[in-house]
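Colleague: Below is the sequence, then the predicted model.
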Amino acid sequence: MNFSFSKEYILFSPISGYIIIDGKPISNLTVNRWFKWWFYGEEKSEETTTDLNGYFSFSKSITVKSFIIWIIPHEAVITQKLLLDYNNETIQIYGTVKRNYELNWEYWEKPLEFIFDPTKKKIQYISFTPIPSMPDFTQSISILSWEKSDKNIWIYGNKMQYEKWKILQFPDFTIEYLWLSSIQWPNNAKFRMESYSFKIEYNWIEQVIIWSPGTGDIWPTRFKCAGHDFILEKYISEKVWKLLDNEIVISQNLR
């Protein structure tokens with residue numbers, strides 16, 4: 001049995017990319033590589049700058065050596081982000097959750113280099129891609145663009161249309177539709193149970209909430225954010241009644 005302390009556990013694999021705006025590379029921009037390792041509740045970051053070609057690189061992995069990791073069973077959960085300082089704003093251009101300590105696992109076991117161009121209409125978003133060594137597991141990576149954000153601030157209690165990759169801004173948080181899951185009921189039943197996943201973000205704190213009609217009882221999903229209680233309604237709303245398939249209502253829960 002090997003009790004060596006020399007094994008390195010990788011918290012963030014190398015990552016690189018280009019910052020292109022209006023078709024031109026942008027030099028001397030600060031890019032921040034940030035992560036939170038939930039096992040220890042530890043947050044760290046490091047910075048680099050883009051060169052004349054708009055290129056940035058974090059060429060080395062962020063690693064840790066620990067005997068405790070080896071002896072305590074746990075699930076690896078490392079939140080990763082790349083943040084860009086531009087025009088006095090901090091913009092998130094990449095984000096995912098790494099769930100083991102292997103090299104390049106968060107990029108489907110291949111090195112990741114990408115081009116971030118907020119002026120492009122197409123949003124670069126990679127979701128539900130199988131991990132080669134774990135075919136039953138899927139990993140989600142988002143490479144974000146300002147085009148993804150909705151300029152309006154939505155009012156609670158009004159119906160709104162959502163779509164994938166579009167961030168909707170509320171006074172207290174943003175919400176983004178992620179995906180639809182569909183599960184076949186046992187014994188080859190004719191109906192399937194669907195669930196809709198939405199990401200809520202407030203001050204860099206993220207949570208995923210799920211709305212589902214279940215077995216036919218259409219109830220709102222309740223969640224907490226920024227110290228307040230909210231409800232998300234789909235299909236049917238107490239205030240506006242019937243909703244289209246791509247519509248939801250978010251209200252403050254004052255009960």
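Modeller: In hand now; what should we look at? Because the structure is a prediction, the values reported are computed rather than measured. Numbering: from 1, shown residues only.

Colleague: quick one: the nearest residue to residue 112 once chain neighbours are set aside from residue 77, how far?
Modeller: Distances taken as CB to CB, 6 or more residues apart in numbering place residue 15 nearest to residue 112, at 5.3 Å, with adjacent residues excluded. All C-beta atoms are positioned from the backbone trio N, CA, C, and that covers glycine. Distance of residue 15 to residue 77, given as CB to CB, to the nearest Å: 18 Å.

Colleague: The two: who's more crowded?
Modeller: Using other CB atoms under 10 Å, the more surrounded residue of residue 15 and residue 77 is residue 15, with 22 against 13.

Colleague: Show me the beta-bridge partners of that one.
Modeller: Per DSSP bridges, the residues bridged to residue 15 are residue 58, residue 112.

Colleague: Neighbouring strands of the helix or strand hosting residue 233 in the sheet, and parallel or not?
Modeller: If you go by DSSP states H and E, residue 233 is part of strand 228-234. Strands that pair with strand 228-234, judged by DSSP bridges, come out as strand 221-225 (antiparallel), strand 247-252 (antiparallel).

Colleague: Return the mean pLDDT over the last one, rounded to an integer.
Modeller: Averaged across strand 247-252, pLDDT comes to 91.

Colleague: what does it rub up against?
Modeller: By CB atoms under 8 Å, 6 or more residues apart in numbering, the residues outside strand 247-252 that reach it are 154, 156-162, 170, 175, 211, 228-234, 237, 239-240, 243.

Colleague: Give me the buried subset of the residues you listed.
Modeller: Buried residues within the contacts of strand 247-252, defined by neighbour count using 16 or more other CB atoms under 10 Å: 154, 156, 159-160, 162, 170, 175, 211, 230-234, 237, 243.

Colleague: low-confidence ranges in the stretch 101-250 of the chain?
Modeller: 108, 118-152, 165, 183-192, 204, 214-217 (pLDDT under 70).
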